[in-house]
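# Next one to model:
(one chain, ligands or ions: 1)
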Amino acid sequence: MSMQDLVERYRRDGFIAVEGVYPLEQMEELRRTTDAFVEQSREVTEHTDMYDLEPGHTAEHPRLRRLKNPVRFHEAYDRCMREPKMLDIVAQLIAPGIRVHSTKLNLKSGEFGSAVEWHQDIAFYPHTNEKVLAVGVALDDMSAENGALMAIPGSHKGPLYDHHQNGHFVGAINDPAFSEEGGVPLEVKAGGITIHHARMIHGSCPNHSDRPRRLLLLEFRAVDAWPLLGVKDWEEFNALIVRGEPTQEPLVEPVPVRIPLPPTPTVGSIYESQSYFTDAALVRR
Ligand SMILES: O=C(O)CCC(=O)C(=O)O
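Residues are numbered from 1 along each chain as shown. Below you'll find the model as predicted:
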């Protein structure tokens, strides 16, 4: 598919899938690197600022659900985040100047990988404009059977739904007007990528297959998209730029905003926030 087709499809559906962006050897390297982190997670019994653990995690049977901000811990993930072929596509979709928002590696092991309830990423991190998106790098072939990302085409043009319940930000859509009708799996082979708009509604089912589904999520925004929850440190903020130059002039557009506060009593990841959500639907699938 040509770059122009990708851009048009992204604008129409709010997401795209592109095969063959990374060589298979690089995915093999990332899987080996990830296996080593799963091994290391045997040493912990609770969530840390590095690991988010599946229920039932033990030293004998390590069950890692997420490696938080993996680019901090291994150069192989950082290299993946700076891949020019991938950034060329991102630049066409948002802007030539690109800043990382955050990175995470979500692991769905065979038979027990956790679901993620329907949500919109921008509900977690409102910005002054919506030149904000997430790239998913498939370390494994990703299909409906092993818990592929699911998306509702065109939902990036719809409302920003409330993600609060009982007065707390639970990180899952909680609105009687919401319907999951039309949701489709984003299937892609290892080495391929998915890209979704930050307002696009997405989630994923548990992994019912015996094949793992590891997805490296790289969240990017235009350098002039400003986080409404603030910038703590100017140097650190600008160190997140992977292309282009810093700016002190945010682009302010009339985008829908709801502040994701107050948080749930414990919060460290979307999984923890969503554990407070009592209407979870995808978990039961
Ligand atoms: O890993 C998944 O299936 C979905 C993850 C996701 O949407 C998120 O972490 O925001």
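
# Give me the three-state assignment for residue 39.
Three-state call for residue 39 (DSSP: H, G, I helix; E, B strand; the rest coil): helix.

# Count the neighbours of it for me.
The tally of other residues near residue 39 (other Cβ atoms under 10 Å) stands at 11. No exception for glycine: its C-beta is placed from N, CA and C like everyone else's.

# That one touches residue 51, doesn't it?
No. Under the criterion of Cβ atoms under 8 Å, residue 39 makes no contact with residue 51, lying 11.8 Å away.

# any common contacting residues for those two?
The contact sets of residue 39 and residue 51 do not overlap (Cβ atoms under 8 Å, 6 or more residues apart in numbering).

# Phi and psi next, for whichever residue of the stretch 51-200 of the chain sits closest to the ligand.
Proximity of the stretch 51-200 of the chain to the ligand (Cβ to the nearest ligand atom) peaks at residue 106, 3.4 Å away. Per-residue torsions, residue 106: phi -90, psi 120 (degrees, to the nearest 10).

# Could you pull out the helices in the protein for me?
3-13, 24-40, 75-81, 84-93, 234-239, 270-274 (DSSP state H).

# which stretch among those comes nearest residue 205?
Residue 205 lies closest, by Cβ to Cβ, to one member of the helices of the chain: helix 270-274, at 13.6 Å.

# now for that closest one, which elements pack on it?
strand 116-119 (3 or more Cβ pairs under 8 Å, 6 or more residues apart in numbering; DSSP states H and E).

# What strands flank the strand it packs on, and is each parallel or antiparallel?
strand 202-204 (antiparallel) (DSSP bridges).

# tell me the mean pLDDT for the strand it pairs with?
Averaging pLDDT along strand 202-204 gives 97.

# about what we covered before: most tightly surrounded among the helices of the chain?
helix 270-274 (a mean of 21; mean count of other Cβ atoms under 10 Å).

# Report whether that helix contacts the ligand.
Yes. Applying Cβ under 6 Å from any ligand atom, one finds helix 270-274 in contact with the ligand at residue 270.

# Compute the number of surrounding residues for residue 285.
Counted with other Cβ under 10 Å, residue 285 comes out at 12.

# picking that back up, from residue 212, how far out is the residue of the stretch 51-200 of the chain closest to the ligand?
For residue 106, the distance to residue 212 equals 11 Å [Cβ to Cβ, to the nearest Å].

# Compare these two (neighbour count), which wins?
Higher neighbour count among residue 106 and residue 212: residue 106, with 24 against 21, using other Cβ under 10 Å.

# Near the ligand, which residues of the stretch 101-250 of the chain are found?
Taking Cβ under 6 Å from any ligand atom as the criterion, the contact residues of the stretch 101-250 of the chain with the ligand come out as 106, 116, 121, 149, 202, 204, 215, 217.

# Between those, identify the one with the most neighbours.
residue 204 (27 neighbours).

# For that residue, give its distance to residue 189.
For residue 204 relative to residue 189 (Cβ to Cβ), the value is 17 Å.

# so who does residue 108 touch?
Residue 108 makes contact with 114, 146, 147, 204, 206, 207, 212, 213, 214, 215, according to Cβ under 8 Å, 6+ apart.
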